[in-house]
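J.: Need coordinates for the following:
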Amino acid sequence: MKFTCFISAKNGKKAEDILKKDDLASRGSIVLRDAKVLGIEKEGYFLFYEGSEEAVKRVKELINEFTEVVDAELLKKAEKEFEKESEKALRGFGEIFG
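T.: Sure thing, here's the model as predicted:
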């Protein structure tokens, strides 16, 4: 299950550290990306998490105080840009090892 949220610039690293220290949350994939790197002119980070349904629920509980409500279209744009970035990296690895 996937979960994406926006976190203010001052709380991004705090949220990431909390997730990495939690036994359940740390079992999933935790990726924090600066919004500007994704082509979004907003101060802060997008957190991309992938894990079990139970882990996603735990992540939401742990970082609820750090998340900010943003437009659904902005979340979709961030997810799309993140997927492009991931695919590009995989292609690069394929060229190196392929």
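J.: which residue packs closest to Lys42, ignoring adjacent ones?
T.: Ala35 (4.4 Å; CB to CB, 6 or more residues apart in numbering). In short, each C-beta sits where N, CA and C put it, glycine included.
J.: So the one you found sits against Tyr45, correct?
T.: Yes: the criterion here is CB atoms under 8 Å, and Ala35 meets it with Tyr45 at 6.5 Å.
J.: shared neighbours of these two, which are they?
T.: Phe6 (CB atoms under 8 Å, 6 or more residues apart in numbering).
J.: out of the two, which sits in the more crowded spot?
T.: Tyr45 (26 against 22; other CB atoms under 10 Å).
J.: what about that one, which SS state?
T.: Three-state assignment for Tyr45 (DSSP: H, G, I helix; E, B strand; the rest coil): strand.
J.: Is it bridged to anything, and to what?
T.: As for beta bridges, Tyr45 partners with Ile7, Asp34 under DSSP bridges.
J.: Same question for the one 4 residues further on.
T.: Counting by DSSP bridges, Tyr49 is bridged to Phe3, Ile30.
J.: Quick one: neighbours of it, just the number.
T.: Counted with other CB under 10 Å, the neighbours of Tyr49 add up to 21.
J.: just Leu38 next, same as before
T.: Leu38 sits with 19 neighbouring residues when counted by other CB under 10 Å.
J.: just to revisit the earlier point, list the contacts for the residue nearest to Lys42?
T.: Residues counted as contacts of Ala35 (CB under 8 Å, 6+ apart) are 6, 41-46, 78.
J.: same thing but 10 Å
T.: Residues near Ala35 by CB atoms under 10 Å, 6 or more residues apart in numbering: 6-7, 9, 12, 41-46, 70, 74, 77-78, 81.
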